[in-house]
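1. All I have is the shape, not the residue letters:
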């Protein structure tokens, strides 16, 4: 039966559209009205061409519309009800893909200095993080010189794509106003970085975050004492005859101490005296029960009695009670400062261990112990990571392993985020990944709660930012590409990636204003993190 090719008027199709109001939302209805105008003017009166620039439908989708053997014109003429319903469905889906629609949002923040009026805004869904940041800067009337880069969070997830892509991926309804939380973005400020070149690779770093004094272990056996913000070297000591693989520092009764572990299978304890740019390092004692390279150190300051934990290449962990006595004497030969001493007879503090025997020894892992996280002062739970594809939770008071996490890959480091609500572990791996673990799990697990990273570059170390300035903890990692990478657990994508070393980045630690890194380019670098 021949089809009556009556040209539907705009009002005819609008009437059909109105019957479908439960299916077509307000914004879509406006665009469908545009479609009706184009069909009426371009198809029925001007030919069969449709101006695709008037629509948010991709060319491939238009092509798919015609493969059934009928044209869009024929569909509109013969089955207008199907046409309107079909187009509304296709349009709703395609605009979600292309971002050509508007979303009503309200912006909220915890930062009073950046707070704007709590009023809903209609914004294009094609905006990404940079576009949203421009909107906030405009609403704050910030000039180019005062522009602030912001990050955005919806439902506890960072926005790392177009709004349309994000809303579709996480099934966020746009029928109601979407709440978007914003805050200053975390990232490295390249204009404030400082660096110093040393004679050898830097393989270990530990920083006292209270005083800002750091300790860097080098492959030539030396340890450099430095100011974290400026990386100025304030003292140095020839600690070992072979590479220093681990350093750990602590304070006790106003005195700064640190320990070093080396490929020469020894652990040495050191005391630091003086202050500012003139500090002196004095040897306290040597702990020599290890039979393999000492790869990791940790300090448990229990009841003001430090317990030094050391792990080696064979998988053994030793615990040492570090009891020290102090007396005044002439400067020892192995002690050095960066400035020439006025007199070789200058009196400095000299320390000695009262006991150099281990308090306990444990075969903790089948292979190298790559990192030790000691308990805090009022706890007894600590953690270790290993080349044997595992990380372990320990009750160091009883020297018992209470949980084992099977990582599936060599774990190069581990660090603990000690939150009362959800204590978390981060481990770094040779497959280029970071893995996040729930530290509350007692029976152990082979499933990380989150995996971060897409590269295959060896990640040498990862550490949590000690104080959270945003709603989620931040992790810093360094890899063999020489990169310092910052992560926020609200996204699986990094929030910042900066090349800080020309060779491999091997070690890092946080200080008050940022991160200090060391690498195979023999550079010790301080990077300020906003």
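-> Noted; the coordinates are in hand. As the structure is a prediction and not an experimental result, all values here were calculated from the model.

2. Residue 307 touches residue 300, doesn't it?
-> Yes. Judged on C-beta atoms under 8 Å, residue 307 makes contact with residue 300 at a distance of 4.3 Å. C-beta: built from backbone N, CA, C; applies to glycine.

3. so who does residue 370 touch?
-> Residue 370 makes contact with 295, 296, 311, 385, 386, 387, 410, 411, 412, 413, 414, according to C-beta atoms under 8 Å, 6 or more residues apart in numbering.

4. model confidence over the helix or strand harbouring it, on average?
-> Take DSSP states H and E as the rule and residue 370 turns out to sit in strand 369-373. Summarised as a single mean, pLDDT over strand 369-373 is 98.

5. now the helix or strand following that strand against strand 369-373, angle please.
-> Sequence order places strand 381-386 as the next helix or strand after strand 369-373, per DSSP H and E. With axes from the mean of the first three to the mean of the last three C-alpha atoms, to 10 degrees defining the directions, strand 381-386 sits at 160 degrees from strand 369-373.

6. What pLDDT is listed against residue 530?
-> Note on residue 530: pLDDT of 85.

7. Quick check, it in contact with residue 184.
-> Yes. With contact defined as C-beta under 8 Å, residue 530 counts as touching residue 184 (6.8 Å).

8. residue contacts, the nearest residue to residue 320 once chain neighbours are set aside?
-> Of all residues not flanking residue 320 in the chain, residue 308 sits nearest, at 4.3 Å (C-beta to C-beta, 6 or more residues apart in numbering). By C-beta under 8 Å, 6+ apart, the residues touching residue 308 are 248, 259, 267, 269, 287, 297, 298, 299, 319, 320, 321, 322.

9. the bottom helix or strand of the chain by mean pLDDT?
-> helix 59-66 (a mean of 43; mean pLDDT, DSSP states H and E).

10. I'd guessed residue 195 sits against residue 521; true?
-> No. Taking contacts as C-beta under 8 Å, residue 195 lies outside contact range of residue 521: 9.6 Å.

11. Helices along the stretch 251-400 of the chain, start to end?
-> For the stretch 251-400 of the chain, applying DSSP state H, counting those that start in this stretch gives no helices.

12. residue ranges of the strands in it, please?
-> 255-262, 267-275, 278-287, 294-302, 305-312, 316-321, 324-330, 336-337, 347-353, 360-363, 369-373, 381-386, 390-395, 400-406 (DSSP state E, counting those that start in this stretch).

13. Strand partners (parallel or antiparallel) of the longest one?
-> Looking back up the chat, that one is strand 278-287. Pairing partners of strand 278-287, with direction, according to DSSP bridges: strand 267-275 (antiparallel).

14. hmm, who's touching the partner strand?
-> Contacts to strand 267-275, defined as C-beta under 8 Å, 6+ apart, come from residues 213, 223, 225, 235, 237, 239-240, 255-262, 279-288, 290, 294, 297, 308, 310, 318, 320, 322, 324, 326, 337, 348-349, 351, 353.

15. pLDDT weak spots in this structure?
-> Applying pLDDT under 70 to the chain flags the ranges 1-100, 325-352, 354-355, 420-421, 442-446, 468-471.

16. Report the contact partners of the nearest residue to residue 277 once chain neighbours are set aside.
-> Nearest residue to residue 277, sequence neighbours excluded (C-beta to C-beta, 6+ apart): residue 234, at 5.4 Å. Residue 234 sits next to 213, 225, 226, 227, 276, 277, 278, 279, 337, 338 when contact means C-beta under 8 Å, 6+ apart.

17. Present the contacts of residue 370 as JSON lines; the columns should include distance to residue 206.
-> What follows is the contacts of residue 370, written out as JSON lines (distance: C-beta to C-beta, whole Å):
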{"residue": "295", "distance to residue 206": "14"}
{"residue": "296", "distance to residue 206": "11"}
{"residue": "311", "distance to residue 206": "15"}
{"residue": "385", "distance to residue 206": "16"}
{"residue": "386", "distance to residue 206": "20"}
{"residue": "387", "distance to residue 206": "21"}
{"residue": "410", "distance to residue 206": "22"}
{"residue": "411", "distance to residue 206": "19"}
{"residue": "412", "distance to residue 206": "16"}
{"residue": "413", "distance to residue 206": "13"}
{"residue": "414", "distance to residue 206": "15"}
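
18. any chance of those in TSV, plus neighbour count and distance to residue 364?
-> Below are those laid out as TSV (neighbours: other C-beta atoms under 10 Å; distance: C-beta to C-beta, whole Å):
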residue	neighbour count	distance to residue 364
295	26	12
296	26	10
311	29	7
385	30	10
386	25	8
387	19	12
410	20	16
411	27	13
412	23	16
413	24	15
414	28	13
